[in-house]
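Chemist: Build me a structure from this.
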Amino acid sequence: MDRTSMTLASIILAIRTHFWLLARYVVAGACGTFVQAFSLFVWVSLLGYKETYLVGASIAFFLALILTFILQKFWTFRDATLDKAHRQFSLYTAVAVLNLGLNLVLLALAKEVVTMAG
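Modeler: From the prediction side, this is the model:
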């Protein structure tokens, strides 16, 4: 093989490797989204806790957080080590909690806008 074909082969291999990594990342995120949405649906619609929807949203968020961390660590990135898992989960949670705060504020504002309009 000449240098050009080896470079092309390595590029194709890199794209293939990253494609499947991205695909696993998207699937793990979609699973988390489903768990979060379904958990909130159960809280509000099946259990009837409409007035405390923000509590349900928080519970749903943390269920999805746990699931996505496990999927991302062990499946997406294929990291089976446990020695740093507590620290990784702490950092993952810190970023996610900042996002949770933003999500809850936006959810409450959206509910107010809908309530005022209807």
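Chemist: ok, the most centrally placed residue in the chain - contacts?
Modeler: By CA atoms, centre = their mean, the chain has its centre lying nearest to residue 29, at 4.2 Å. By CB atoms under 8 Å, 6 or more residues apart in numbering, the contact list for residue 29 reads residue 68. Bear in mind the C-beta positions are built from the backbone N, C-alpha and C, glycine included.
Chemist: What are the buried residues along the helix or strand containing it?
Modeler: Using DSSP states H and E, residue 29 falls within helix 3-41. Using 16 or more other CB atoms under 10 Å as the test for burial, helix 3-41 gives 24, 25, 28, 32, 35, 36, 39, 40.
Chemist: circling back to that earlier point, how near is the residue nearest to the centre of the chain to residue 22?
Modeler: Distance, residue 29 to residue 22, by CB to CB, to the nearest Å: 11 Å.
Chemist: where does this structure have low pLDDT?
Modeler: Along the chain, segments meeting pLDDT under 70 span 1-5.
Chemist: Count the neighbours of the nearest residue to residue 35 once chain neighbours are set aside for me.
Modeler: Excluding the flanking residues, the one nearest residue 35 by CB to CB, 6 or more residues apart in numbering is residue 64, at 4.7 Å. Neighbouring residues of residue 64 were enumerated by other CB atoms under 10 Å; the total is 22.
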